[in-house]
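Asker: Output the structure for:
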Amino acid sequence: MRITSTANPRIKAAALLKERKERERTGLFLIEGSREVERALAAGLELVEAYCAEHQSPAEARVLADLGRVEGLSIIEVSEPVLKKLSSRENPAGVVVVARRPNPSLAHYKPPKNALLLVSVGLEKPGNLGALLRSADAAGADAVLVAGGVDLYSPQVVRNSTGVIFSLPTFVASEQAVLDWLVQHQIPMLATTPHSDLTYWDVDLRGPVAIVMGTEHQGLSQVWLERATQRVKIPMQGQADSLNVSVTAALILYEAKRQRCPPETE
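Answerer: Numbers count the residues shown, from 1 in each chain. From the prediction side, this is the model:
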């Protein structure tokens with residue numbers, strides 16, 4: 001089967017998944033790119049249908065071969081205009097998959113002892129949330145809790161996370177639900193704010209901790225700052241008055257990782 005018309009009802013329905021309201025209505029979302037699709041396959045996501053270009057890169061051909069082994073999955077070749085309609089990228093990838101959104105429950109998540117958690121509160125930019133997920137995965141965080149803000153399954157978040165969103169335990173809940181869960185499990189909250197006397201390396205991060213990151217422009221609300229167990233700052237010596245939220249998260253996550261590593265023995 002090959003589809004060449006952008007007016008095809010199947011293509012129009014899939015392209016609508018670039019919009020948040022349609023993802024929420026259908027429970028479906030788009031995954032674009034060989035690396036992202038490969039990681040979705042490895043994580044066991046439910047895939048609904050796949051679209052591919054006539055000519056693929058070697059990486060895309062490999063992932064299409066893997067998709068071909070998924071029982072009942074339709075793989076449809078499409079023209080370049082159709083691929084552009086489905087894509088969220090300036091240069092479309094050669095494979096796009098429609099998948100069902102996972103919906104893990106935070107209420108049922110049991111954090112490990114000395115859990116290292118990252119909490120995102122109201123982030124507005126998909127690229128920042130995706131980068132935040134990538135930093136959390138790289139530093140070995142146990143889970144990410146997303147409280148409000150941008151849709152976790154927007155194409156830009158999936159892309160900027162490089163697909164680690166599918167393997168890293170990630171939960172979406174309201175701010176109040178996340179706060180209640182952290183209190184219930186007695187997990188200390190670490191908030192970042194320039195109005196603190198402590199730098200992030202001055203605190204003990206070896207025990208359970210939730211590193212809480214706020215919006216790009218306003219930071220954390222007073223509610224989170226008041227509920228925080230500790231507040232820390234990132235030292236700033238140049239003219240810039242702030243860091244990208246994903247950079248800030250990475251600095252603190254890796255400090256936690258450093259503190260948790262056993263000392264080397266000679």
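Asker: if you average pLDDT over the longest helix belonging to the chain, what comes out?
Answerer: Ranked by residue count and defined by DSSP state H, the top helix of the chain is helix 245-260. Per-residue pLDDT values across helix 245-260 average out to 94.
Asker: Then stretch 98-114?
Answerer: 95.
Asker: same check, this time on stretch 15-28
Answerer: pLDDT averaged over stretch 15-28 gives 98.
Asker: In that stretch, which residues are buried?
Answerer: 15, 17-18, 23, 28 (16 or more other CB atoms under 10 Å). C-beta here means a position set from N, CA and C on the backbone, and glycine is covered the same way.
Asker: any weak-confidence spans in the stretch 151-266 of the chain?
Answerer: 238-242, 263-266 (pLDDT under 70).
Asker: So which residues of it form helices?
Answerer: Assigned by DSSP state H, counting those that start in this stretch, the helices in the stretch 151-266 of the chain fall at 155-160, 175-184, 222-227, 245-260.
Asker: got those as a markdown table, with mean neighbour count and distance to Ala131 columns?
Answerer: Formatted as a markdown table, these follow (neighbours: other CB atoms under 10 Å; distance: least, CB to CB, whole Å):
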| stretch | mean neighbour count | distance to Ala131 |
| --- | --- | --- |
| helix 155-160 | 23 | 5 |
| helix 175-184 | 16 | 20 |
| helix 222-227 | 14 | 21 |
| helix 245-260 | 19 | 4 |
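Asker: Distance to Ala139 added to those helices, as JSON lines?
Answerer: Listed next are the helices of the stretch 151-266 of the chain as JSON lines, based on distance: least, CB to CB, whole Å:
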{"stretch": "helix 155-160", "distance to Ala139": "16"}
{"stretch": "helix 175-184", "distance to Ala139": "19"}
{"stretch": "helix 222-227", "distance to Ala139": "21"}
{"stretch": "helix 245-260", "distance to Ala139": "4"}
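Asker: what helices or strands is the longest helix of the chain leaning on?
Answerer: On a contact count with 3 or more CB pairs under 8 Å, 6 or more residues apart in numbering; DSSP states H and E, helix 245-260 meets strand 116-121, helix 126-138, strand 189-192, strand 209-213.
Asker: how far out from the middle of the chain is the shortest one?
Answerer: So the one you mean is strand 189-192. The chain centroid and the centroid of strand 189-192 are separated by 20 Å under CA atoms, centre = their mean, to the nearest Å.
Asker: Could you spell out the sheet neighbours of it, each with its direction?
Answerer: strand 209-213 (parallel), strand 230-232 (parallel) (DSSP bridges).
Asker: Take those strands and write them to a markdown table, including mean neighbour count and distance to Leu132.
Answerer: Converted to a markdown table, the strands paired with strand 189-192 look like this (neighbours: other CB under 10 Å; distance: least, CB to CB, whole Å):
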| stretch | mean neighbour count | distance to Leu132 |
| --- | --- | --- |
| strand 209-213 | 25 | 7 |
| strand 230-232 | 19 | 17 |
